[in-house]
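Undergrad: Structure for this input, please:
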Amino acid sequence: MEEYESREFCRSIDCVMQIGLDRGVEEEVAKKYCHEFCSAYKFHQWLKDNDYRIIKTFKKSDKEVVEK
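TA: Sure, this is the predicted structure:
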């Protein structure tokens, strides 16, 4: 199982705030925005608060698996 990387969703949807972070916007400014206005952040926080996990399954073509 692979852990969800922070901001993976934000990167995949080209979130304006993530683009700003990649270009040097202060992280505290971004956090404040996300905590107050971002529905994805609120959803991920809800999952965490309620002991849910996002699980991604892999096909052999997605990730090479080596067993010994």
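Undergrad: Could you report the separation of Tyr33 from Ile19?
TA: Tyr33 sits 13 Å away from Ile19, going by Cβ to Cβ, to the nearest Å. Heads up, the C-betas are built off the backbone N, CA and C, glycines and all.
Undergrad: Please say which of these two ends up with more neighbours.
TA: Between Tyr33 and Ile19, counting by other Cβ atoms under 10 Å, Tyr33 is the more crowded of the two (15 against 12).
Undergrad: give me the element the more buried one is part of.
TA: Taking DSSP states H and E as the definition, Tyr33 sits inside helix 27-37.
Undergrad: Show me which positions of stretch 8-24 end up buried.
TA: For stretch 8-24, a neighbour-count test (16 or more other Cβ atoms under 10 Å) marks Phe9, Cys10, Cys15, Met17, Gln18, Leu21 as buried.
Undergrad: How far does it sit from its chain's centre?
TA: In this view, stretch 8-24 has its centroid 10 Å away from the chain centroid, taken as Cα atoms, centre = their mean, to the nearest Å.
Undergrad: any residues touching that stretch, and which ones?
TA: Applying Cβ atoms under 8 Å, 6 or more residues apart in numbering, the contact partners of stretch 8-24 are Arg7, Val25, Glu27, Ala30, Tyr33, Cys34, Cys38, Ala40, His44.
Undergrad: Which one (most neighbours) among the residues you listed?
TA: Counting neighbours by other Cβ under 10 Å, Cys34 leads those with 21 neighbours.
Undergrad: hmm, back to that, avg pLDDT for the helix holding Tyr33?
TA: Helix 27-37 shows a mean pLDDT of 91.
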